[in-house]
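In: Following is a predicted model, sequence given first.
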Amino acid sequence: MLTSFMDGMLCCITGKSANVVVPIETSEPADGFEFVEVKPGRVLRVRHIIPDRPVVEEPGSGEGGSVSCKRKITVYRNGQLLIENVSEATHPELVRCQNGDSTVEVEYLDSNYLASRQAGDSNAVTPQEQPQQPHRRRRKPKRTVMIDCERKITCCKETHPDVALFFIHGVGGSLDIWGSQLDYFSQLGYEVIAPDLAGHGASSAPQITAAYTFYALAEDIRIVFKRYAKRRNILIGHSYGVSFCTFLAHEYPEQVHKVVMINGGGPTALEPSLCSIFNLPTCALHCLSPCLSWSFLMAGFAHQGTKEKKLLKEKNAFNVSSFVLRSMMSGQYWPEGDEVYHAEITVPTLLVHGMYDKFVPIQEDQRMAEILLLGFLKVIDEGSHMVMMECPETVNTLLHEFFLWQPATTSKPKQDSALPPIANKTSSSKETARPTTAPKITASKPEQDLTRPTTAPKTSQQGTETRK
């Protein structure tokens, strides 16, 4: 603590960051690590593992199943968001969601139901009641988005040479947080790619705040993706890294085959918080670094034992300077990533949530599952924000089964047939696929299958959020 205080005083006097991060000399063998220069002087460390596997033919066009993706998204001038799943014969449901700074109504409608309801309303109204009906002007939509496509979903086996897995970490981490996943899937035979974000791990750390905005980091990830992408790519993101997965899935829907979001939060636009400890000067943050590490240990892990403390220290997984941490938190500005942006995504998405996560409430991931066209939520009872480090076996099993899942026949989205089957169910995780009410998450109750929620849970979160 005294050392941190002295370094902080030196930072205030000299005006330089006391703990500038530069590419470290990793103790890991050089095999599998590459350094990619995304821009002149901007170098990212990437772990790229190409396993030895038997050569097989690529999957034929007849394998897999197709999912009908038909959706009409209407945005009105008052902020109301109307989502109509044309191919889904269900009753309309009003869902309260966030759009900017105001709470709006999100309505899921079916075209057949609309016609029948209008016909029923016209028959039910009598001439005496008609004069009492107030005249309503027809609202003009501000923007309308039509989605009409057939998406083919196939099984992604480890023996398929056209499959690549991308792992993207969040704020303050590094590719080392994926150690268990990278070893597990590379040993199975998958090709895995995991970059260090700028200023994290062994990547270069520019000393300008603009280098850590969402758009700058997203461009880095785009370059890495285009460099290593195969025909079928699966993106796995954690926390802030989920936003970059969403960005790639929206920009490259034909190349992104599946997405996994681990404790990523709700489908709201990113905006830095004005009242945050990360707005303090860099030297002040450096003095508080022991307190921040302790707070992260308490909030990021379900248990605070020797194992968890070791995870924070080993392999430089969380070795980030105060300047980078402050710049990352203040650079989380992405107004385009709102509900409409997420509703336009047709990529099958698995959402993994640690039940004891204190950074991301369960309501946010439930709301994300509501907005996504093909979103499936799994809750791990024993996990928290760093669930892939706390429960690596459970997370690896869930991810592998999702990779192998494919619809048996042509199906409609948001139906039970579109839900990826979980063969080996354990008491450590629970599956939700639109429950009619918000699922009750308790560690003592046995696991049960649920249907996807028709109403989104109420939350006190604002329309914008900052992710760790």
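Out: Perfect, thanks for sending it. This is a predicted model, so every value here is computed, not measured.
In: Now for this protein, the helix or strand with the poorest mean pLDDT.
Out: Ranked by mean pLDDT, DSSP states H and E, the weakest helix or strand in the chain is strand 450-451, scoring a mean of 36.
In: What spatial separation is found between Thr346 and Val352?
Out: To Val352, Thr346 is 20 Å away according to Cβ to Cβ, to the nearest Å. All C-beta atoms are positioned from the backbone trio N, CA, C, and that covers glycine.
In: When those two are compared, which one has more neighbours?
Out: A count of neighbours by other Cβ atoms under 10 Å puts Val352 above the other of Thr346 and Val352, at 27 against 22.
In: Spell out the secondary structure type for that one.
Out: Secondary structure, DSSP: H, G, I helix; E, B strand; the rest coil: Val352 is strand.
In: what pairs with it across the strands?
Out: Per DSSP bridges, the residues bridged to Val352 are Ile262, Lys378.
In: Wait, it touches His385, no?
Out: No: using Cβ atoms under 8 Å, Val352 is not in contact with His385, being 11.3 Å away.
In: Now for the two: what residues contact both?
Out: When contacts are counted by Cβ atoms under 8 Å, 6 or more residues apart in numbering, Val352 and His385 are jointly contacted by Asn263.
In: Would you agree His169 is in contact with Trp178?
Out: Yes: the criterion here is Cβ under 8 Å, and His169 meets it with Trp178 at 6.8 Å.
In: what is in contact with these two at once?
Out: Common contacts of His169 and Trp178 (Cβ under 8 Å, 6+ apart): Ala194.
In: Ala210 touches Leu217, doesn't it?
Out: No: contact criterion Cβ under 8 Å: Ala210 and Leu217 do not qualify, at 11.1 Å.
In: which of the two has more neighbours?
Out: Ranked by neighbour count (other Cβ under 10 Å), Ala210 and Leu217 place Leu217 first, with 24 against 10.
In: host element of that one?
Out: According to DSSP states H and E, Leu217 maps onto helix 214-228.
In: counting contacts, what elements does that helix pack onto?
Out: strand 33-39, strand 42-49, strand 163-168, strand 191-195, helix 241-251 (3 or more Cβ pairs under 8 Å, 6 or more residues apart in numbering; DSSP states H and E).
In: tell me the contacts of the closest residue in space to Glu251 that isn't next to it in sequence?
Out: In space, not counting the residues next to it along the chain, Glu251 is nearest to Arg222; the distance is 7.5 Å by Cβ to Cβ, 6 or more residues apart in numbering. Applying Cβ under 8 Å, 6+ apart, one finds that Arg222 lies in contact with Phe247, Leu248, Glu251.
In: For the second one, give its distance to Val259.
Out: According to Cβ to Cβ, Leu248 and Val259 sit 8 Å apart.
In: mean confidence for the helix holding Leu217?
Out: For helix 214-228, mean pLDDT rounds to 97.
In: What of stretch 85-101?
Out: For stretch 85-101, mean pLDDT rounds to 46.
In: tell me which residues in stretch 215-231 are buried?
Out: Neighbour counts over stretch 215-231 (16 or more other Cβ atoms under 10 Å) mark Ala216, Leu217, Ala218, Asp220, Ile221, Arg222, Ile223, Val224, Phe225, Tyr228, Ala229, Lys230 as buried.
In: Tell me the one among those residues nearest to Ala164.
Out: When these are compared for distance to Ala164 (Cβ to Cβ), Lys230 wins out at 4.2 Å.
In: Pull the contacting residues for the closest one.
Out: Pro161, Asp162, Val163, Ala164, Glu191.
In: now Arg53
Out: Per Cβ under 8 Å, 6+ apart, neighbours of Arg53: Glu158, Thr159, Pro161, Gly189.
In: Try it again at 10 Å.
Out: By Cβ atoms under 10 Å, 6 or more residues apart in numbering, the residues touching Arg53 are Lys157, Glu158, Thr159, His160, Pro161, Leu188, Gly189, Tyr190, Glu191.
In: what does Lys39 give?
Out: Ala198, Ser204, Pro206, Ala211, Ala216, Glu219, Asp220, Ile223.
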